[in-house]
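In: Below are the sequence and a predicted model; questions follow.
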Amino acid sequence: MGSSTSQLSKELLSEYQELTFLTKQEILLAHKTFIELLPPESQNVVDSLTAQVSRVPTEKVLTLPELKANPFKDRICRVFSTAPEKDSLSFEDFLDLLSVFSDAATPDIKSHYAFRIFDFDDDGTLNKEDLKQLVNRLTGTEEDTQLSPSEMNQLIQNILEESDIDRDGTINLSEFQHVISRSPDFTSSFKIVL
Amino acid sequence: PFHFFFCDFYAEERLVVSLINLTSRDANKIIREQPLTMQEKRKIKGTVSEFFQSMQVWQRTLKIIGGKFGTSVLSYFSFLTWLLKFNILSFIVNFSFITIPQLMESKPNNLSFNSLELLTGAGYFQQTVLYYGFYTNSTIMRKGISSSYNMQLAYIFTIGLYLVICFFCLLYSMACSFRNNFINPHIYSRGTAKVVFSWDFTITNEKAVKLKQRNLTTEIKETLSEIRHENVIAPLKQRMNHLGIHLGAWIVSTGVAIACCVAVYYLSFYNLKFLTDHKNQTATLLLPFIVCCINLFVPLFYSSFGLVEKFEIPRHQVFVIITRNIFLKISIIGILCYYWLNAVAISKKECWETLVGQDIYRLLMMNFVFTLFDSFCGEFLRRIIGTKLIKSLGVPEFDIARNVLELIYTQTLLWIGIFFSPLLPFIHMITLFIMFHIKKISLMMNCQPPSKAWRASQMMTLFIFLLFFPSFTGVLCVLAITVWRLKPSDNCGPFQGLPSIIHAIYGWIEILSSKPGYLWVVWIYRNLIGSVHFFFILTVIVLIITYLYWQIIEGRKIMIKLLHEQIINEGKDKVFLVEKLLKVQEAQKKPSPFSLSLERREVEVSLKIWWIDLESERSEFPPRPRHLLAL
């Protein structure tokens, strides 16, 4: 890691350490990975950190081995992208992503972002359509693993029965966090480490 | 007098050990706060960062396993790592306080060494620090150092201290996992929402993801059909049928377990006679071999019940298998302890503690050999059969329950054996380390991830509880009987000549009571540890506190129910008001100004009251009755 320490300045490194849940090694590894995704002419420290100059388009980020096989990879990139078109990630977006998915992140922040990832129409609540798309992503795209429409309806009915406390037909953030708090496996499975 | 003059010598090692579990940021902070010179700090930092490097490799391995097989298989390897840390602690404690002083006083060993003895533990090893019999009962004096080291007290206090540390560690881990897993016993806990929202993001292998998706679909379909059939009560004949099969399976499994115990009992007593007749070293391996065979084949037999016995809720099947296996393993350990404490200890053999230590060593070694055999041949053969010969069987799954129970069994044997063979944790440490790598290689080559959902954290809570309840408490009972009731052998060991091991403590208290400076120790011993009244009062206080906490929990459950109803009511109010507002907006299109403004003002007033109500209720407990619908 010796050559990388001379690339990111110490102030920047400590600032990132304070603002995210990542350790110094993780930030340096993230920077190394990010630089490799940039086109060759911007592969230097200054350009990689300037959000206006270098954003990595989502397609390239999705080639990372940790994200390649994930059924929610496009939603993850969309949620963390700060570009107006939501189609590219800057280095700080990338750090945000890794910070939320790291070991040290609190369950609250993880559940907050999980809610945003599962909210396919970005309207702030999980309605029946969102849940339907979620279940389809979970069961895969092959013919024999999809649920029939009646099974899908029954499943969504059950999910709403369990999680929708105020009976308004949608799951808002607090209800989602309440369900997640009863699932102790969530924190250990909502993790991506480079 | 009793002095720990090794305290400062080990301070640095203790500091390094305490820094191991922290992150590098915290560890650096603590090193900075130590009152040492720069060079000493650099040395400690070097040791700790070396450790971190090897930890990184370890963490990397765990991450690869988790990525390919998911959190459930990972939980087995984390459990193994946790037990490894326990053993490292035990080894460090025992080695520093018991073995090193003994090594300074040891007599040279004249016996020859035979490689078979690695397996049997007898012969050359008998006269080494490995076994109880080698330790002296004298007070160790060195020229030049004025204080002395009493070996008897050191032995008993070190083992006692280690067991107390284990007890509190286990209790703490159990409390933590229990708290994380059972926080909200809510009414609706079928768990479909939890399953759907907890996708495992750590899986990075494409094939594993597809497999997981297929398994998830199967699980969802099974849960849905369970719900559909829930309200359908099976006909009486079918229910009686199921009940009969379950009862039959339980009777057969208990019968087999009892038969195995009886076999081990007779074999062990026969073994004693057999060994006096045949002085061959290989003959001592007979008993461990039979016990390990029982441990290997009977659980497979239990799993085969799954073909006949069907469960409505699949999770119950795992619990039943775990119960049967634990019953088998604990009964076998129980019979062996009975044999050791009743037959070997009384048999007037020369050094019965060393014999017990050797028996345990042989059991552990044989178990290790069988595990190697099982991983290499068993899983490998099963994969060959599954892929080449009988295609429908498929690749074997990693059987988490069986492997974790194996770990619990070996850890129980180890805890019993620590008293009789203080260096056993070192050997077990090495075997665990090798087993980690063997299991990992076998897993990568031969197995596929488990198909049924495995709630990793609930299962871990159960396994830690099993490690505490039959396992650790059983060990405490066995050691209590050894220390209080059995007569140590006359010619070897630190307690030779005493009527029972606890007399070492009695003698020490007697000596202390004649010294004026230590009367407080004697007072604590006589009035707190030795008196019944103190424990009675302590028990009553603990019971009162438990009762209070139970009442608090009951009160909170009622509170949760009331708040839930309140949320539902507020949702209904919101819907009611929104409908009213829509009606008003529709009526706005009709030209009727007088009634319109009245209605609109009504809605505005009621919205305001609803908002104020909401705000005040957020800061008020208990909930007030609702006046809103009077409008």
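Out: In hand now; what should we look at?
In: end to end, how far does stretch B:482-502 reach?
Out: Terminal residues of stretch B:482-502 lie 9 Å apart, using C-alpha to C-alpha, to the nearest Å.
In: mean confidence for it?
Out: Average pLDDT, stretch B:482-502: 82.
In: which residues touch that stretch?
Out: By C-beta atoms under 8 Å, 6 or more residues apart in numbering or on different chains, the list of residues contacting stretch B:482-502 from outside reads B:132-137, B:151-152, B:155-156, B:341, B:345, B:349-354, B:419, B:504, B:507. All C-beta atoms are positioned from the backbone trio N, CA, C, and that covers glycine.
In: in that stretch, what counts as buried?
Out: Residues B:482-483, B:486, B:488-489, B:492-496, B:498, B:501-502 are the ones in stretch B:482-502 that count as buried (16 or more other C-beta atoms under 10 Å in any protein chain shown).
In: Surely B:S304 forms part of a helix?
Out: Yes: per DSSP: H, G, I helix; E, B strand; the rest coil, B:S304 lies within a helix segment.
In: Could you verify my assumption that A:S183 touches B:S198?
Out: Yes: using C-beta atoms under 8 Å, A:S183 is in contact with B:S198, at 5.3 Å.
In: Am I right that A:R75 is in contact with A:F120?
Out: Yes: with contact defined as C-beta under 8 Å, A:R75 counts as touching A:F120 (7.1 Å).
In: which strands and helices sit next to the helix or strand hosting B:A259?
Out: Assessed by DSSP states H and E, B:A259 sits inside helix B:236-277. For helix B:236-277, the contact count by 3 or more C-beta pairs under 8 Å, 6 or more residues apart in numbering or on different chains; DSSP states H and E identifies helix B:286-304, helix B:314-338 as packing neighbours.
In: quick one, which of the ones you listed is nearest to chain A?
Out: When the helices and strands packed on helix B:236-277 are compared by C-beta to the nearest C-beta, helix B:314-338 sits nearest chain A, at 14.4 Å.
In: follow-up on the earlier one: can you pick out the most distant pair from the buried residues of stretch B:482-502?
Out: Farthest pair in these (C-beta to C-beta) is B:C492 and B:I502. Separation: 18.7 Å.
In: And the host helix or strand of A:L134, what's buried?
Out: A:L134 belongs to helix A:128-139 when assigned by DSSP H and E. Using 16+ other C-beta under 10 Å as the test for burial, helix A:128-139 gives A:130-135, A:137-139.
In: Could you give me the ChimeraX selection string for whichever of the contacts of stretch B:482-502 are buried?
Out: The ChimeraX command for the buried members of the contacts of stretch B:482-502 (criterion: 16+ other C-beta under 10 Å) is given here:
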select /B:132,133,134,135,136,137,151,152,155,156,341,345,349,351,352,353,354,419,504
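In: Contacting chain A as well, which ones from the contacts of stretch B:482-502?
Out: By C-beta under 8 Å from any C-beta of the partner chain, no member of the contacts of stretch B:482-502 lies near chain A.
In: What about B:R556, how many residues nearby?
Out: Residues lying near B:R556 (other C-beta atoms under 10 Å in any protein chain shown) number 10.
In: now do B:L287
Out: 23.
In: circling back to that earlier point, touching chain B at all, the helix holding A:L134?
Out: Yes: counting by C-beta under 8 Å from any C-beta, contacts between helix A:128-139 and chain B involve A:131, A:134-135, A:138-139.
In: center of chain A, which residue is that?
Out: Most central in chain A under C-alpha atoms, centre = their mean is A:I76, positioned 3.6 Å from the mean C-alpha point.
In: element containing that residue, please.
Out: Assigned by DSSP H and E, A:I76 falls in helix A:73-80.
In: Give me the contacts around that helix.
Out: Applying C-beta under 8 Å, 6+ apart, the contact partners of helix A:73-80 are A:58, A:61-62, A:67, A:70, A:86, A:89, A:93-94, A:96-97, A:100, A:113, A:116-118, A:120.
In: quick one: the next helix or strand along the chain from that helix to chain centroid distance?
Out: Helices and strands here follow DSSP H and E; after helix A:73-80, the next one along the chain is strand A:88-89. Relative to the centre of its chain, strand A:88-89 is centred 12 Å away, using C-alpha atoms, centre = their mean, to the nearest Å.
In: So which elements touch strand A:88-89?
Out: strand A:56-57, helix A:58-61.
In: make it 7 Å
Out: Packed against strand A:88-89 by the contact rule (3 or more C-beta pairs under 7 Å, 6 or more residues apart in numbering or on different chains; DSSP states H and E) you find strand A:56-57.
In: Would you map out the domains in chain A?
Out: A:10-100, A:107-189 (automatic domain parsing).
In: on that earlier part again, quick check: PyMOL command selecting the buried ones in the contacts of helix A:73-80.
Out: Buried residues within those, by 16+ other C-beta under 10 Å, are selected in PyMOL with:
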select buried, chain A and resi 58+61+67+70+89+93+94+96+97+100+113+116+117+118+120
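In: The contacts of helix A:73-80 in strands, which ones?
Out: A:L89 (DSSP state E).
In: Who are the contact partners of B:L466?
Out: B:326, B:408 (C-beta atoms under 7 Å, 6 or more residues apart in numbering or on different chains).
In: name the element it belongs to?
Out: Counting by DSSP H and E, B:L466 is part of helix B:456-466.
In: tell me the phi and psi of B:D200?
Out: phi -80, psi 100 (degrees, to the nearest 10).
In: Kindly apply the preceding question to B:Y149 instead.
Out: Main-chain dihedrals, B:Y149, degrees, to the nearest 10: phi -130, psi 110.
In: quick one: it and B:P101 touch, right?
Out: Yes: with contact defined as C-beta atoms under 7 Å, B:Y149 counts as touching B:P101 (5.4 Å).
In: okay, the helices and strands packed on helix B:236-277 in CSV with distance to A:N153 and mean pLDDT next?
Out: Output for the helices and strands packed on helix B:236-277, formatted as CSV (distance: least, C-beta to C-beta, whole Å; pLDDT from 0 to 100):
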stretch, distance to A:N153, mean pLDDT
helix B:286-304, 37, 88
helix B:314-338, 24, 88
